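>>> for reference, the sequence and a predicted model appear below.
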There are 2 protein chains.
Amino acid sequence: MTRSVADSPRDDPRRAPSIVAPPSLVELAAATLRRMIVGGDLLCGDRIVENRLTRELGISRPPLREALRMLEREGLVHQVPRKGAIVTPLTLHDIYEIFTLRGEYERFAVQLGVPVRDASRLRRCREALGRMAEAAEADDEPSFAEYSFEFHVSIVGLSGHRRLEEAYRSLQLQMMLSMAMNRRARERETLTEDLQRHRRLLEVIEGGDTDMVLRELSRHGDRTFLDGIESRVQGHTDVALEWLRQERANSQQLG
Amino acid sequence: MTRSVADSPRDDPRRAPSIVAPPSLVELAAATLRRMIVGGDLLCGDRIVENRLTRELGISRPPLREALRMLEREGLVHQVPRKGAIVTPLTLHDIYEIFTLRGEYERFAVQLGVPVRDASRLRRCREALGRMAEAAEADDEPSFAEYSFEFHVSIVGLSGHRRLEEAYRSLQLQMMLSMAMNRRARERETLTEDLQRHRRLLEVIEGGDTDMVLRELSRHGDRTFLDGIESRVQGHTDVALEWLRQERANSQQLG
DNA sequence: GCGTAGACTATTGTCTACAGCAGACAGCAA
DNA sequence: TTGCTGTCTGCTGTAGACAATAGTCTACGC
């Protein structure tokens, strides 16, 4: 794995392009933790004991604690004073929040970024898609998920809106966390089919018709994930249940 | 000042309601730093030297560093490995990003939250407005800004969407940072006029007509702040300049 | 006079150690 | 046997110290 799904964006235009990007233990620890969480090594609600992790990662507590603070603000970790940290437990309401907000981010990004002005941004999408294809070829599901993540972020990146992209990246991580709860749901769909969906999306984007992209996005969603979700999580608020009903109705209508 | 604009939300429903909420030095340091930054004690681009701050705040470096990590993810502070931290410098493009994304957040929140279902959420808005009125009465501008901040956050809180509210809170802090760059612009408008604007907004919200709230919001903006902004910041991208032109055209048309 | 190499200072990155609090368990009493 | 209380262990919160690196200033050579 050459680049983690969880690395901080290194392409901040404010920083002069340096030949070497010296990593700090904090960033490395944060990246590793993100991988562990979205990869399913740590499940929702699991306690995160600092001493144990320092042994596993081979670092001392201060950098680990700073990394935990970062993940806390990203929403992957929940810290309670004097009681420690746990992987954020997700309720159905949380999943409702994650999906709806992600939808808004994507919609706004497409409105800003399509038709595409900057060719280099499109290249970034194509590269991610290319890596997805390679991973699908090799039947390497972790890598596929990683590059799928990068692909979606790069789509939002078309907007040229860094804050939007960063917010989206953070939320997308939470989405991967929620999906780590039930991997089985995704197995129904083959990597190849998934790849096709993404390829079609990029084609529509290159077409430049904003509305058509929005329609394609609305049917793009990972709705298979939502099947039977109520039985696997708690926190069933009214709005969340209502949203779930709507999503399923749309899903049937479209596909 | 009983409650900082920068305090973390204590009303997380996942945490059992405890009699005492023991503060940690990290949170206290983060709150203090936020106040210093949005209050204008630290200006954009100012270096943040850890040792100096530990002396000023009377704490040691580890909690301060953790606080800095939090502010970094909030976008108020920019850290470069082995070179230290600075208060995030803002370009015109940054201001474009902050304003546009904030607008999207507010729009989405209103769509979800108006008409209001939960009366307790409305009470929160009214309380913030009440405190604004008190501050205006006393001609206490810092407090007024603080409660205005809380008012806007509580408006977004009507949506019942915690992640949206948190993202909005973070962005609103950056907006206050950008406004700290030129306090003069706001002096033209009296606190009373400002209060009236907010009061009208809340009335429209209580009316329950979503579209009408959106219209009111679109003319609510702090556009006086944008006057002559180009000369005070750098980073003039094309999209940012185009946006600025649009904003001014809308501003003239509406008011 | 200008450029460069060296040392020095200031600042960040990291680690170890100690203090304080929370939860668990055992012992005692009713 | 059940409930309470005291102790005890493990964890987090914080502090201070050490190591490493970047920036700067000075002195030397060309």
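Thanks, I have the structure now. Numbers count the residues shown, from 1 in each chain, chains lettered A, B, ... in the order given.
>>> any low-confidence regions in the stretch 51-200 of chain A?
A:183-189 (pLDDT under 70).
>>> which non-adjacent residue is nearest the residue in it that DNA strand D sits nearest to?
Distances between the stretch 51-200 of chain A and DNA strand D by C-beta to the nearest atom of the strand are smallest at A:G84, namely 3.5 Å. Every C-beta, even on glycine, is put in place using the N, C-alpha and C of the backbone. Leaving aside its sequence neighbours, A:G84 sits nearest to A:R47 (C-beta to C-beta, 6 or more residues apart in numbering or on different chains; 6.2 Å).
>>> now do the buried residues in the biggest helix by length in chain A.
Identified as the longest helix of chain A according to DSSP state H is helix A:92-113. For helix A:92-113, the neighbour count (16 or more other C-beta atoms under 10 Å in any protein chain shown) marks A:92-102, A:104-110, A:112-113 as buried.
>>> equivalent analysis for stretch A:34-42, please.
Here stretch A:34-42 shows A:R34, A:R35, A:M36, A:I37, A:V38, A:G39, A:G40, A:L42 as buried, counting by 16+ other C-beta under 10 Å.
>>> and the closest residue to chain B within chain A, what helix or strand is that in?
Nearest to chain B in chain A, going by C-beta to the nearest C-beta, is A:R73, at a distance of 3.9 Å. Using DSSP states H and E, A:R73 falls within helix A:61-74.
>>> which other helices and strands does whatever helix or strand comes next after that helix contact?
Per DSSP H and E, helix A:61-74 leads on to strand A:77-80 as the next helix or strand towards the C-terminus. Judged by 3 or more C-beta pairs under 8 Å, 6 or more residues apart in numbering or on different chains; DSSP states H and E, the packing partners of strand A:77-80 are helix A:61-74, strand A:84-87.
>>> and for strand A:77-80, what's in contact with it?
A:33, A:37, A:48, A:68-69, A:71-72, A:85-89, B:14-15 (C-beta atoms under 8 Å, 6 or more residues apart in numbering or on different chains).
>>> so how do I select the buried members of the residues you listed in ChimeraX?
Restricted to buried positions by 16+ other C-beta under 10 Å, the ChimeraX selection for the contacts of strand A:77-80 reads:
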select /A:33,37,48,68,69,71,72,85,86,87,88
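>>> between the contacts of strand A:77-80, which is closest to A:T224?
For the contacts of strand A:77-80, the closest approach to A:T224 (C-beta to C-beta) belongs to A:I37, at 22.0 Å.
>>> ok, now how distant is the closest one from A:T100?
22 Å (C-beta to C-beta, to the nearest Å).
>>> how about the residues of chain A that lie near DNA strand C?
Contacts of chain A with DNA strand C, taken as C-beta under 7 Å from any atom of the strand, map to A:S24, A:L25, A:V26, A:I59, A:S60, A:R61, A:P62, A:P63, A:R82, A:K83.
>>> most neighbours among those residues, please name it.
A:V26 (22 neighbours; other C-beta atoms under 10 Å in any protein chain shown).
>>> which residues touch that one?
A:P63, A:E66, A:A67, A:M70, B:R69.
>>> likewise A:F151?
Taking C-beta under 8 Å, 6+ apart, we find A:F151 in contact with A:C125, A:A128, A:L129, A:M132, A:H198.
>>> contacts for the helix or strand encompassing the third one, please.
Under the criterion DSSP H and E, the helix or strand holding A:L129 is helix A:119-137. Outside helix A:119-137, the residues that touch it by C-beta under 8 Å, 6+ apart are A:113, A:116, A:141, A:143-144, A:146-148, A:150-151, A:154-155, A:157-158, A:160, A:191-192, A:194-195, A:198-199, A:202, A:205-206.
>>> could you find the closest non-adjacent residue to the closest residue to DNA strand C within the stretch 51-200 of chain A?
Among the residues of the stretch 51-200 of chain A, A:S60 lies closest to DNA strand C, at 3.2 Å counting by C-beta to the nearest atom of the strand. Excluding its sequence neighbours, the residue lying closest to A:S60 (C-beta to C-beta, 6+ apart) is A:T54, at 5.9 Å.
>>> count of residues packed around that neighbour?
Using other C-beta under 10 Å, the number of residues around A:T54 comes to 17.
>>> isn't there a helix covering it?
Yes: the assignment for A:T54 is a helix, going by DSSP: H, G, I helix; E, B strand; the rest coil.
>>> my guess is it contacts A:A67. True?
No: taking C-beta atoms under 8 Å as the definition, A:T54 is not a contact partner of A:A67, at 10.9 Å.
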